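S.K.: fold the following.
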Amino acid sequence: MSKSQTKLLGLLVVIIAAVAVVVSLIGDKSLRAANGAGPVGFVYSSRIIAAVEGSSEYTKAQKDYEGFAQKLQKEYESQAEGLDEESKRKKLLELEMKLAEKQIELNKPFQDRIQTTIEEVGKSEGCSIVLSQRVEFEALVPIRDKSESIVGTQSVPMSIPIVVTGGKDLTDPVLKKLGVK
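M.R.: You can find the predicted model right below:
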């Protein structure tokens, strides 16, 4: 089995597991938690993320990130002069790592705030479990040539519904508590 076929098989296993979870949750129309403690809540994560990304706080963080990226670009340009290709590659990799660290640093407060708010709203609404309505991920799909032979793979955005029916939509209360629209 080739590497791409192994990855594709792994992806199929993940999808089948996700579908099994959905099917098991749909078994009870009210979507009660397994221990019967309370209803299952859900949020449309993409709506919440889009609303937060539209906030003035996030816009400021993005400007900080862009300023940092420009500073690193200038740093690279000034230091890359006269370096051989291998040294340039190493320097570029080093600066890309710094950029990734900065992105994580700037995004973490937003991620933490969203997570905490979802937990608080879920608890106040009596939900024992809160799910994302959909799971977004990148899947590897085969690339085929004219003879239909697999010649490689490419990454494609995918979305799987986790909540198909029932449950308690907590998206609007979460957005309200976050103070975003």
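S.K.: low-scoring pLDDT stretches of the chain, where are they?
M.R.: Judged by pLDDT under 70, the chain has its weakly predicted residues at 1-37, 164.
S.K.: longest single helix anywhere in it?
M.R.: When the chain is parsed with DSSP state H, its longest helix is helix 85-124.
S.K.: list the buried ones in that helix?
M.R.: 95, 99, 102, 106, 110, 114, 117-118, 121-122 (16 or more other C-beta atoms under 10 Å). Where C-beta positions appear, they are placed from N, C-alpha and C, glycine not excepted.
S.K.: packing partners for that helix?
M.R.: The contact analysis (3 or more C-beta pairs under 8 Å, 6 or more residues apart in numbering; DSSP states H and E) places helix 85-124 against strand 40-43, helix 45-53, helix 56-80, strand 129-132, helix 171-178.
S.K.: for the second one, the distance to its chain's centre please.
M.R.: Put plainly, it is helix 45-53. The chain centroid and the centroid of helix 45-53 are separated by 11 Å, computed with C-alpha atoms, centre = their mean, to the nearest Å.
S.K.: can you check stretch 105-123 too?
M.R.: Centre-to-centre, stretch 105-123 and its host chain are 14 Å apart (C-alpha atoms, centre = their mean).
S.K.: other residues contacting that stretch?
M.R.: The contact list for stretch 105-123, computed with C-beta atoms under 8 Å, 6 or more residues apart in numbering, reads 41, 43, 48-49, 52, 57-58, 61-62, 64-65, 129-130, 170, 173-174, 177-178.
S.K.: that concludes my questions; thank you for your assistance.
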